[in-house]
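Novice: from the sequence below, what's the structure:
(2 chains)
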Number of protein chains: 2
Amino acid sequence: MKLFGGIEAGGTKFVCLVGNGPDQLVEEKRFPTTTPDETIAQVIEFFSPYTDRDELAAVGVGSFGPVDLNPASKTYGYITTTPKPGWSQVDLCGRIKKGLNIPVAFDTDVNVAAFGEQYWTPQNKTLDPFLYMTVGTGIGVGIIVNGLPLHGLIHPETGHFVIPHDLQRDPFPGACPYHGDCLEGLASGPSMNKRWGQSAETLPDEHPAWDLEAEYIALALVNLIYAYSPQRIVLGGGVSSHSGLHVNIRDKVLQLINGYVQSPTLLKKIDSYIIPPTLGNRSGALGAIAMAIIEQAKITL
Amino acid sequence: MKLFGGIEAGGTKFVCLVGNGPDQLVEEKRFPTTTPDETIAQVIEFFSPYTDRDELAAVGVGSFGPVDLNPASKTYGYITTTPKPGWSQVDLCGRIKKGLNIPVAFDTDVNVAAFGEQYWTPQNKTLDPFLYMTVGTGIGVGIIVNGLPLHGLIHPETGHFVIPHDLQRDPFPGACPYHGDCLEGLASGPSMNKRWGQSAETLPDEHPAWDLEAEYIALALVNLIYAYSPQRIVLGGGVSSHSGLHVNIRDKVLQLINGYVQSPTLLKKIDSYIIPPTLGNRSGALGAIAMAIIEQAKITL
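Specialist: Reported below is the predicted structural model:
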């Protein structure tokens, strides 16, 4: 049996995996995202021993964005207009494909994480739509409808949701360079850092930052619930893993919906409706392996 | 060739159509929604001459909601928890099926309208996702993904989006019985009526109500664009058809997105991205005919 590669290409770090699934991992490497040349070289170096021995069937990539997902486009597989220095208009998919000379599946980091959480978790398998939301360095949502990641015009950009912002309670103007106080501008890790003058990890449990953070995430989740009527939402990312935050968010979601969405799945069982990632901090890289498996199966057909 | 029936079952009025498409309409009837017994009897009476002559192959129904769309449920085809007096727990689909004794396709009013605008309009045909938003007595959004209406846990309830509400500019607390100042609570026809003490139709073009209304609708559209990355949005309903409102809404959508979604389809051609219904005030009933055609095709397979 051949192996598969998974790459979570994040704006802060890359995660590379080789294996056949969560319980069949062969090797893992994590390294910070620096320049495209250096970082992509590290990716190629990590997987090369496997391709040299012809052990790797395909790799999947879940990338930070915005990315071009249109297979008919000249810039398919590119990171497009990212503000991250040096990474704008980088042919991430093409350069990995050229370096490894095997099939490459490509999608957004959040779509790939959503795909992984559904593919590798039996109890998520038939849920439709199925959502994965990350709150960390950035905020994003991956959406699986009919078993496939949703793309549309470009791809969803739910991190930039417009949400109510009570300037009396939170006078911070927001940190998004495009929108100021959009969701990401108010609730991402860097926004929290700017708002409170210290990083989210160092804010104690009893700090008012966490109740405000729960409020913003709950507002976004409520709009996602109204928009998609999802059958389950996985809430991941570094910020949202803070102790007690999930419980507070769930309470606020129920308060905001106020009984309107008459589904026992939501109203009676919210603990299994909004859940942490089953795959821990490997949703992206394992999702990328799942995408690689599907890519290989399509080619073999 | 057999004929098809389309029913737009609205909270205010019902629209019934017989025909084979927008250019092949045989008969149309509109009547106010009163009690379930009286209104459903009028539906049966309208279609009965056609079923008596065995001319009608199937009917489609697009209903106000919430409705039960789960085919495995005991209450499939019911209007469930509507606050509309007398209409809660009414088996709309089953009673029409029993009365006419032909196949009945059933979905939400907005999903059916979205389906119709896509099915009958060649230039909308391959767009994915494709959205229809109505702003009138209520606010709702129908979503077509991969050619099918999106359902999920129940069905989307985008009319209840939480949006920013500037109490300085608009001290009205909102009219939604569940959420106060959600989108529908601020921007539906009845909410405008309550806010301004007169009905939307009687508010002159220069009244500040319209700029505020454009703002609320634009905020909702921006969140829909971030959530779905739709390839086109049809904006229908009585309120949104007010003269000049579409132009103002498009301007505000572009201002709010502020160049973030880097797609020429959106940034350069918004006049063909957010459009009025091609089918005028028959999106729902003609969509219901399209659903009936598909239902019949599935049975014939």
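Novice: report how many residues lie close to A:Ser188.
Specialist: 27 (other C-beta atoms under 10 Å in any protein chain shown). (Glycine included, C-beta is placed from N, CA and C.)
Novice: next helix or strand past the longest helix seen in chain A?
Specialist: In chain A, assigned by DSSP state H, the helix with the most residues is helix A:208-228. Downstream of helix A:208-228, the next assigned helix or strand under DSSP states H and E is strand A:232-236.
Novice: what's the helix or strand just after that following strand in contact with?
Specialist: Moving toward the C-terminus from strand A:232-236, the next helix or strand (DSSP H and E) is helix A:245-257. Applying C-beta atoms under 8 Å, 6 or more residues apart in numbering or on different chains, the external contacts of helix A:245-257 come out as A:210-211, A:213-215, A:217-219, A:221-222, A:225, A:235, A:239-240, A:266-267, A:270-271, A:274, A:276, B:162, B:179.
Novice: same thing but at 6 Å, please
Specialist: For helix A:245-257, contacts defined as C-beta atoms under 6 Å, 6 or more residues apart in numbering or on different chains pick out A:Ala214, A:Ile217, A:Ala218, A:Leu221, A:Val222, A:Ile270, A:Ile274.
Novice: residues touching the fifth one, list them.
Specialist: Taking C-beta under 6 Å, 6+ apart as the definition of contact, the neighbours of A:Val222 are A:Val253, A:Leu256, B:Val162.
Novice: what strand or helix carries the last one?
Specialist: Take DSSP H and E as the rule and B:Val162 turns out to sit in neither a helix nor a strand.
Novice: how close does it sit to B:Pro129?
Specialist: From B:Val162 across to B:Pro129, the span is 21 Å (C-beta to C-beta, to the nearest Å).
Novice: same thing with the first one?
Specialist: With distances taken as C-beta to C-beta, A:Val253 is found 24 Å from B:Pro129.
Novice: and A:Trp120, by the same measure?
Specialist: Remark: distance between A:Trp120 and B:Pro129 (C-beta to C-beta) = 26 Å.
Novice: which of those two has more neighbours?
Specialist: For A:Trp120 versus B:Pro129, neighbours defined as other C-beta under 10 Å are more numerous around B:Pro129 (25 against 20).
Novice: on that earlier part again, are any of the contacts of A:Val222 buried, and which?
Specialist: The neighbour count (16 or more other C-beta atoms under 10 Å in any protein chain shown) marks A:Val253, A:Leu256, B:Val162 as buried among the contacts of A:Val222.
Novice: distance to A:Gly116 added to those, as TSV?
Specialist: TSV is the format used below for these (distance: C-beta to C-beta, whole Å):
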residue	distance to A:Gly116
A:Val253	24
A:Leu256	29
B:Val162	29
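Novice: now for the residue nearest in space to the middle of chain A: which residues touch it?
Specialist: With distances taken as C-alpha atoms, centre = their mean, A:Val110 lies nearest the centre of chain A, 2.7 Å away. Contact analysis of A:Val110 by C-beta under 6 Å, 6+ apart lists A:Tyr132, A:Thr134, A:Gly140, A:Val141, A:Gly142.
Novice: pipe those residues into JSON lines and attach neighbour count per row.
Specialist: Shown next, in JSON lines, are these (neighbours: other C-beta atoms under 10 Å in any protein chain shown):
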{"residue": "A:Tyr132", "neighbour count": "31"}
{"residue": "A:Thr134", "neighbour count": "27"}
{"residue": "A:Gly140", "neighbour count": "27"}
{"residue": "A:Val141", "neighbour count": "31"}
{"residue": "A:Gly142", "neighbour count": "32"}
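Novice: what secondary structure does the residue in the stretch 51-200 of chain A positioned nearest to chain B sit in?
Specialist: Minimum separation of the stretch 51-200 of chain A from chain B (C-beta to the nearest C-beta) falls at A:Gly152, amounting to 3.2 Å. Secondary structure, DSSP: H, G, I helix; E, B strand; the rest coil: A:Gly152 is coil.
Novice: what sits against it?
Specialist: Counted by C-beta under 6 Å, 6+ apart, A:Gly152 has contacts B:Pro129, B:Tyr228, B:Ser229, B:Pro230.
Novice: most widely separated two among those?
Specialist: Across the contacts of A:Gly152, the longest distance by C-beta to C-beta is 7.4 Å; it joins B:Pro129 and B:Ser229.
Novice: which ones among the contacts of A:Val110 are found in strands?
Specialist: Judged by DSSP state E, the subset of those located in strands is A:Tyr132, A:Thr134, A:Gly140, A:Val141, A:Gly142.
Novice: surely the third one is in contact with A:Leu131?
Specialist: No: in terms of C-beta atoms under 6 Å, A:Gly140 does not count as a neighbour of A:Leu131; the distance is 10.8 Å.
Novice: from chain B, how far out is A:Thr35?
Specialist: Between A:Thr35 and chain B the distance is 23 Å, computed by C-beta to the nearest C-beta, to the nearest Å.
Novice: tell me how many other residues surround the nearest residue to that residue once chain neighbours are set aside.
Specialist: Leaving out its chain neighbours, the residue that sits closest to A:Thr35 by C-beta to C-beta, 6 or more residues apart in numbering or on different chains is A:Gly86, at 5.3 Å. Using other C-beta under 10 Å, A:Gly86 is surrounded by 13 other residues.
Novice: that older thread, can you tell me which of the contacts of helix A:245-257 lies nearest to A:Gly174?
Specialist: Closest approach to A:Gly174 among the contacts of helix A:245-257 (C-beta to C-beta): A:Ile217, at 15.0 Å.
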